[in-house]
Every structure is written in C-alpha cells, then in structure tokens.
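Chemist: Provided below for reference: sequence and predicted model.
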Amino acid sequence: MQNAPLLMPAADTLAELRDEIDRIDRDMHRLLMQRGEIIDRLIAVKRAQGVGCAFRPDREAQMMRALVERHQGLLPLDAVEGVWRVIVSTFTYVQANYSVHADDSGGDAQMRDSARFHFGFTVPYVAHHGAGAVIEAVAASTGDLGILRATGGLSDGAWWMRLVGEGAPKIIARLPFVERPNHPAGLPMFVVARLPADAMAHGVTLYAVGLARWTHALPAAFQTLKGEILASAPHPEGLALLVAAAGDADAQSFAKALAEAGVEGARVDVIGSHAMRFQLNDARSGVFAPGD
C-alpha cells in the first residue's frame, strides 16, 4: 500500500503576516491606553492618601532588570529598554509634571542623548553649565530631577557637598539601571532630587566625607567597609570625598566604623542612596537568538 503524501503547512503569505503585525500593534496600543487608565486611578489614590511623589527609583530599577532578564528574540535589547524607559518616564510625568536638569559642562551631546534615552522627549530637558547650577535648580523646584556625571565635572570641585543638609536634594538613582558593554546611553550618571525617605532605594548609600587631609589608611579603611571612593576634591575644611558603600548605615554609624578602621576625625553626611548596581557581562545590544 502506497504511503499517503505528507501534508505540508501552507506558507504564510505577506498579507497574512502584515495582518498579524497590525493586530499586535493594535493590541499594544490598547494595552498602553489601559495602562493610562490605571495611572489615572493611581493618581486619584495617591491624591486621597496624600502621596505626592511619583518617582520611585527602586521600583524602576527592578522593572528594568526584570525586563532585561526575560528578554529574548530578534529585537535588540537597546530598543526594548529604550521603549520601556520612555513609557515609564512619560507616565511618571503624567502623574506629576517634572523637568530634567542636566549638567552640559562636559559636552552636551552625550548628556542629552542619555537624558532622552532614560526620560524620553515629553519630559522637558533643561541644560545648565556645572553641577552646582543643576543642584540649585532642583532645590528651587517642586519635583524636578537633576542628572550629573557620576564623578561630576572637572571644574565643579566638591559638588556633592551641596547635597549636605536636611532640605538639600539627594542622590536617588544611578543610571543606567542595567549596565552593560556598548550601552547606547551608558554614561554613568547620578539622579538628584528631593524625595521623601520612603521613596528612596537603599542598596548603596552615598556619603560626603570631610577630612583634614589625605592619609594612606583611607583606601584600606573604605575597602573594609565595602566602600569605594568615587571622587575627591579640596574643600575649605581640607579634603572632601564622595564615597559609595553597600548597605544603609547612617552617618554616625559610618563615621564610627571609619574610626575603628583607622580614620579619625572624619565628618560624615549621608547625601543619598540608590539601588544596587546591576551589570550584564555581555553586550546584548544587537540581534541575538532566544536562549543566548
């Protein structure tokens, strides 16, 4: 008995594939509009509860990391991350209008590109010359953000000392949320703002450390405390350091730990915190196959 011929599935036609793409596009748009409806309800709930801050850096960091970890397929990760950053930042703007103030003293192009990648085009971008001007603008605002190079400009001196004090802006995030080689907006930046304590992320704490002078015991002392000196500059009191350390130790506890590690007489102030840094070892910026 002759075997029956195998039936091959019909090849997709261009028209059918385009119809499927159109359906997916409609679904995505519908879901975005549904997200907007939920945000509208969220605004009402926050207003009733007296919650005034729309920006939640820890939640945003978690969202972006989850997105990167589950992503696969042909669409470049750069595109997916960029789309989500625009969606999240724009809906945050809808909840409470804000501007992004940026220090362009080191060149405008890279800073502007990073701002647009992370915050989109709906959020107003305001350029300033110098970290001090950015911090002043944020301090005078009711909810704006500032973005600064993680080590500041070369001519800014100890810019982080401007963040000392109860009413001063604080570092609330480090960008990008997901660090990887060849990131299209990979410029390391700090986000500064005035946020309530319950809105802050607490994976890494930033300290302003004032000392009379540099000593050779400093690097080993900070290493003992799982800390890193990010920047240093002269200061009227002698030397100012910008230090990042894992955990959420308060200023008094950190100063005590410094003294126990051999650094006496340090003045320590907490000037912010951000989520733990998240790094991918591979670029994942181009086309890659599922499971790569």
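Modeler: Nice, I can see it.
Chemist: tell me the contacts of residue 173?
Modeler: 57, 60-61, 190-191, 201, 274-275 (Cβ atoms under 8 Å, 6 or more residues apart in numbering). Backbone N, C-alpha and C define where each C-beta goes, glycine included.
Chemist: did I read that right, residue 244 in a strand?
Modeler: Yes: counting by DSSP: H, G, I helix; E, B strand; the rest coil, one finds residue 244 located in a strand.
Chemist: which of the contacts of residue 173 has the most neighbours?
Modeler: residue 190 (27 neighbours; other Cβ atoms under 10 Å).
Chemist: report the buried residues of stretch 103-116.
Modeler: Applying a neighbour-count criterion of 16 or more other Cβ atoms under 10 Å, one finds 103-106, 111, 114-116 buried in stretch 103-116.
Chemist: tell me the two of those that are most distant?
Modeler: Greatest spatial distance among the buried residues of stretch 103-116 (Cβ to Cβ): 105 and 116, at 18.5 Å.
Chemist: check what pLDDT the residue minimising distance to the centre of the chain gets.
Modeler: Nearest to the mean C-alpha position of the chain, counting by Cα atoms, centre = their mean, stands residue 175 at 3.5 Å. At residue 175, the model reports a pLDDT of 95.
Chemist: tell me the secondary structure at residue 27.
Modeler: helix.
Chemist: next, count neighbours for it.
Modeler: For residue 27, using other Cβ under 10 Å, the count is 10.
Chemist: and if you look at the one 4 residues further on?
Modeler: When neighbours are counted by other Cβ under 10 Å, residue 31 registers 10.
Chemist: point me to the helix or strand that includes it.
Modeler: helix 14-49 (DSSP states H and E).
Chemist: what of residue 87?
Modeler: Residue 87 belongs to helix 77-95, assigned by DSSP H and E.
Chemist: which other helices and strands contact that helix?
Modeler: helix 14-49, helix 57-70, helix 108-119 (3 or more Cβ pairs under 8 Å, 6 or more residues apart in numbering; DSSP states H and E).
Chemist: check those helices for me and report the most buried one.
Modeler: Stretch with highest mean neighbour count among the helices and strands packed on helix 77-95: helix 108-119 (a mean of 19; mean count of other Cβ atoms under 10 Å).
Chemist: before we move on, back to that, name the helices or strands packed onto the helix holding residue 31?
Modeler: By 3+ Cβ pairs under 8 Å, 6+ apart, helix 14-49 packs against helix 77-95.
Chemist: and the nearest residue to residue 124 once chain neighbours are set aside, how many neighbours?
Modeler: Take residue 124 and drop its neighbours on the chain: the residue closest to it by Cβ to Cβ, 6 or more residues apart in numbering is residue 99, 4.2 Å away. Counted with other Cβ under 10 Å, residues neighbouring residue 99 total 18.
Chemist: ok, residue 90 next?
Modeler: Per other Cβ under 10 Å, the neighbour tally for residue 90 reads 16.
Chemist: residue 169 too?
Modeler: 26.
Chemist: and it, what's its pLDDT?
Modeler: 95.
Chemist: what does residue 52 give?
Modeler: 57.
Chemist: sorry, back to before: among the helices and strands packed on helix 77-95, which comes closest to residue 281?
Modeler: Going by Cβ to Cβ, the one of those nearest residue 281 is helix 57-70, 12.4 Å.
Chemist: and the contacts of that closest one?
Modeler: 77, 80-81, 84-85, 88, 172-173, 177-178, 191, 195, 199-203, 274-275, 278, 280, 284.
Chemist: noted, bye for now.
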